[in-house]
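Fold the following and give me the result.
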Amino acid sequence: MPRKRRIQTTISDEAYRIIERLKEKYGNMNAVIEEALRLLERKEEMISEDDLLLIRLIRDLDFTGCGKTQYLHLVKGEIDKAITNSMMEIAVEWFLKKPFNEISLLEFLETLKRGWKILNRADYIEVKKEGDCVFFLCEHSMRSREVSEFLCKHVLFIYEKYYSNKWGVNVSVSANGFTMKFYQKS
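Predicted coordinates for the structure are as follows:
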């Protein structure tokens, strides 16, 4: 068992309230403090000032993110190549730590939801499974049918490549976003 050392200090009322609240999750004050220190140590190793600036650019200034290859194709006006050569496919596999042939449609859509929210591609995304159907709704504030079609085509590209043999899809696109209803083929 690791050796324990006694420390004595004073903290603010706010810090004390946080510790009290977290004690329920971590068990006691020592465990809360030790976990907080481990988290601070990991944060220093993982998140640089530039990383924090990138987060602020996305959140505060409404930036969005895309892969360099996709950006190149967008600059060149090659919209279809921007979709078919997007990093989305490898990003989903990287995040889920498995190849696409092992990723269910629902897993893909949930991962896409998280990624697009992080990258600020969409303002609201809903994924819902109802019986044999999966519903995907994507809403954005760019108010452009072209943006909606661009995002929708990303999903359709993956759908056609990996899921179209088992799932059908109905799509509706507007200037505000798009909806997809996937249904299992008989």
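
hey, let's count contacts and neighbours off CA atoms from now on
Noted.

May I see the buried residues of the helix or strand hosting Lys113?
Using DSSP states H and E, Lys113 falls within helix 105-118. Neighbour counts using 16 or more other C-alpha atoms under 10 Å place Leu105, Leu106, Phe108, Leu109, Glu110, Thr111, Leu112, Lys113, Gly115, Trp116, Ile118 of helix 105-118 among the buried residues.

cool, stretch 86-101 as well?
Of all the residues in stretch 86-101, those buried under the rule 16+ other C-alpha under 10 Å are Ser86, Met88, Glu89, Val92, Glu93, Phe100.

out of those residues, which are inside helices?
Met88, Glu89, Val92, Glu93 (DSSP state H).

For the second one, give me its contacts.
When you say that, I think you mean Glu89. Going by C-alpha atoms under 8 Å, 6 or more residues apart in numbering, Glu89 touches Phe100, Ile158.

Report pLDDT for it.
Listed pLDDT for Glu89 reads 94.

And it, how close does it get to Ile125?
Distance of Glu89 to Ile125, given as C-alpha to C-alpha, to the nearest Å: 18 Å.

Check the first one too.
Per C-alpha to C-alpha, Met88 is found 16 Å from Ile125.

do Leu156 as well
From Leu156 across to Ile125, the span is 16 Å (C-alpha to C-alpha).

Which one's more surrounded, those two?
Taking other C-alpha atoms under 10 Å, Leu156 and Ile125 do not tie; Ile125 has more neighbours (21 against 17).

part of a helix, is the more buried one?
No - using DSSP: H, G, I helix; E, B strand; the rest coil, the secondary structure at Ile125 is strand, not a helix.

tell me the contacts of the closest residue in space to Leu109 that isn't next to it in sequence?
Spatial nearest neighbour of Leu109, excluding adjacent residues (C-alpha to C-alpha, 6 or more residues apart in numbering): Val127 at 6.8 Å. Residues near Val127 by C-alpha under 8 Å, 6+ apart: Leu106, Leu109, Glu110, Lys113, Val134, Phe135, Phe136, Leu137.

tell me the domain boundaries of the protein?
13-46, 58-184 (automatic domain parsing).

Reformat these as a markdown table; add distance to Leu52.
Converted to a markdown table, the domains of the chain look like this (distance: least, C-alpha to C-alpha, whole Å):
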| stretch | distance to Leu52 |
| --- | --- |
| domain 13-46 | 11 |
| domain 58-184 | 10 |
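
Least reliable of those domains by average pLDDT, please.
Among the domains of the chain, domain 13-46 scores lowest, with a mean of 87.

that older thread, and which of the ones in helices among the buried residues of stretch 86-101 is nearest to Ala15?
Val92 (37.9 Å; C-alpha to C-alpha).

quick one: the nearest residue to the closest one once chain neighbours are set aside and Glu149, what's the gap?
Using C-alpha to C-alpha, 6+ apart and skipping the chain neighbours, the partner closest in space to Val92 is Thr111 (6.5 Å). Going from Thr111 to Glu149 by C-alpha to C-alpha gives 20 Å.
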